[in-house]
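Chemist: Need coordinates for the following:
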Amino acid sequence: MTQFARYWYRYASPASFYPLAGRLIPAFATLAALLAAAGLYVAFVVAPTDWQQGEAYRIIYIHVPAAWMAMFVYLVIAFWSAISLAFNTRLSAMMAQALAPTGAMWAFVALWTGAFWGRPTWGAYWVWDARLTSTLILLFLYLGYLALRASIDDPRRADRASALLALVGAINVPIIYFSVRWWNTLHQGATISMTAAPKMAQTMLTGMLLLTFAAWAYTIAVALHRVRSVIVEREAASAWMSRIAGGGASGGDDATKPGSDGTRGPERGAPSGAAAR
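Modeler: Have a look, this model is predicted:
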């Protein structure tokens, strides 16, 4: 078994992943704050005024990272949902559950900032453009995912139902991305492409990328914090969680150490498929 596979099997257990997430949260939260501060400084102090749109263009520094993250987070949710269905792993479903509220927030921010950008450039806050409409559908998919989970009392049934919805809804992400190519839309085409030079000044690009990485780090930090809460809620009856609660631990390595009876937590080191059962 490769080193990667050993780590994968080990941290597929909520008992092993819980303390790891606790150690990673401060690092990603700090990184997000530093990148956000640098990105905002470049975006609103260093970057020049656009010759065509004036100061109104600066909303792209919030709008574009939010739109990218809304699509990316949904694909990550679909990935974890597929792993959950294929291998019956609880932690995968918990990760998808933890990411959904943040993804919905990014979709809302993308639509909200897009409306404020559209008013001075298009003369309207909203038009039924292909890109805007497909992004609105993405927000509805997020809300539907959250509502479906909340409507089912049994967590395992909720995992399966919401995973199916996430996988079906993933088809909307490429539609969002390619909408400006497939249809005649008001929304501008891609400013950044893997096959062409960026269509914006280097300083503007730097500010936007810094804020994109800040949004990425923020999403990871918040998702890790939320998945720890989900684990606490769903693993409350487990032996390892009882030891944490009884000992007043904050989620350190004690969560996976042997108990007083010489046994380990029920999922310590178990393969991902077995840990889910």
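
Chemist: low-scoring stretches of the protein, by residue?
Modeler: Residues of the chain meeting the criterion pLDDT under 70: 1, 3-11, 183-200, 237, 241, 245-277.

Chemist: Pick out the residue closest to the middle of it.
Modeler: The central residue of the chain, meaning the one whose C-alpha is nearest the mean C-alpha position (CA atoms, centre = their mean), is Val73 at 3.8 Å.

Chemist: since we're on the closest residue in space to that residue that isn't next to it in sequence, how many residues are nearby?
Modeler: The shortest distance from Val73 to any residue that is not its chain neighbour, by CB to CB, 6 or more residues apart in numbering, is 3.5 Å, and that residue is Gly103. Just so you know, the C-beta spots here come from the backbone N, C-alpha and C atoms, and that holds for glycine as well. The number of residues packed around Gly103, counting by other CB atoms under 10 Å, is 27.

Chemist: and the gap between Gly103 and Ala70?
Modeler: Applying CB to CB, to the nearest Å, one obtains 6 Å for the distance of Gly103 from Ala70.

Chemist: Thr135 and Val109 touch, don't they?
Modeler: No: in this structure Thr135 lies outside contact range of Val109 using CB atoms under 8 Å: 10.9 Å.

Chemist: which residues are common contacts for those two?
Modeler: Contact criterion CB atoms under 8 Å, 6 or more residues apart in numbering; residues shared by Thr135 and Val109: Ala70.

Chemist: Of the two, which one has the most company?
Modeler: Neighbours per residue, other CB under 10 Å: of Thr135 and Val109, the larger number sits with Thr135, 24 against 18.

Chemist: Where does that one sit: helix, strand or coil?
Modeler: With DSSP: H, G, I helix; E, B strand; the rest coil as the basis, Thr135 sits in helix.

Chemist: what about the helices in the chain?
Modeler: Taking DSSP state H to define them, one finds helices in the chain at 3-11, 14-41, 60-87, 90-122, 130-151, 155-169, 172-182, 202-234, 239-247, 272-275.

Chemist: To Thr49, which of the ones you listed lies closest?
Modeler: Go through those one by one with CB to CB and the one that ends up closest to Thr49 is helix 202-234, at 10.3 Å.

Chemist: I'd like to know which elements that closest one is packed against.
Modeler: For helix 202-234, the packing partners by 3 or more CB pairs under 8 Å, 6 or more residues apart in numbering; DSSP states H and E come out as helix 14-41, helix 60-87, helix 90-122.

Chemist: give me that answer again for 10 Å
Modeler: Counting by 3 or more CB pairs under 10 Å, 6 or more residues apart in numbering; DSSP states H and E, the packing neighbours recorded for helix 202-234 are helix 14-41, helix 60-87, helix 90-122, helix 155-169, helix 239-247.

Chemist: What residues sit buried inside the third one?
Modeler: Looking back up the chat, that one is helix 90-122. Within helix 90-122, the residues that qualify as buried by neighbour count (16 or more other CB atoms under 10 Å) are 90-100, 102-111, 113-115, 117-118.

Chemist: And stretch 219-236, by the same measure?
Modeler: Residues 219-228, 230-231, 234-235 are the ones in stretch 219-236 that count as buried (16+ other CB under 10 Å).

Chemist: again with stretch 30-38
Modeler: Applying a neighbour-count criterion of 16+ other CB under 10 Å, one finds Leu31, Ala32, Leu35, Ala36, Ala38 buried in stretch 30-38.

Chemist: before we move on, the earlier item: what touches both of Gly103 and Ala70?
Modeler: Residues within reach of Gly103 and of Ala70 at once, by CB atoms under 10 Å, 6 or more residues apart in numbering, are Leu138, Leu139, Tyr142.

Chemist: Can you give me the distance of the last one to Asp129?
Modeler: As for Tyr142, its distance to Asp129 is 20 Å (criterion: CB to CB).
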